[in-house]
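Participant: need a 3D model of the sequence below.
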Amino acid sequence: MIPRHKSSEFFAFFGIFEKFGAVLGPALFGVVAAASGSSRPAILAVILFFVVGGYSSRASSRGRPVRRRDAESAVGLGAPG
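Facilitator: Next comes the predicted model:
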């Protein structure tokens with residue numbers, strides 16, 4: 001899905017967003033649970049992250065193939081070529 005020569009850049013972005021998610025999810029849960037006095041609205045608030053992530057993932061891949069199979073990207077992946 002990503003060009004080989006940019007794999008380290010994408011790996012770094014993944015690492016940064018993983019850290020943001022590890023902080024923002026529990027923080028949002030705690031703030032909403034404290035404000036509402038119940039964990040049910042807090043769970044719904046965290047589910048919002050999943051909905052937004054799914055929508056952005058779907059919108060970013062619209063009109064483009066998910067996987068690109070050509071000779072250059074198939075090298076070393078077990079594909080014949």
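Participant: C-alpha from now on. contacts and neighbour counts both.
Facilitator: OK.
Participant: tell me which helix or strand comes right after the host helix or strand of Ala35.
Facilitator: Assigned by DSSP states H and E, Ala35 falls within helix 7-36. Toward the C-terminus, helix 7-36 is succeeded by helix 39-61 as the next helix or strand (DSSP H and E).
Participant: Pro26: neighbour count?
Facilitator: 13 (other Cα atoms under 10 Å).
Participant: quick revisit: report the buried residues of the helix holding Ala35.
Facilitator: Gly25, Phe29, Val32, Ala33 (16 or more other Cα atoms under 10 Å).
Participant: and for the residue nearest to the third one when sequence neighbours are not counted, the neighbour number?
Facilitator: The shortest distance from Val32 to any residue other than its chain neighbours is 5.0 Å, reached at Ala42 (Cα to Cα, 6 or more residues apart in numbering). Ala42 sits with 22 neighbouring residues when counted by other Cα under 10 Å.
Participant: surely Ala42 meets Leu28?
Facilitator: Yes: Ala42 lies in contact with Leu28 (Cα atoms under 8 Å); the separation is 7.3 Å.
Participant: sorry, back to before: name the nearest of the buried residues of helix 7-36 relative to Tyr55.
Facilitator: Gly25 (17.6 Å; Cα to Cα).
Participant: now that closest one: closest residue in space, sequence neighbours ignored.
Facilitator: Nearest residue to Gly25, sequence neighbours excluded (Cα to Cα, 6+ apart): Val46, at 6.2 Å.
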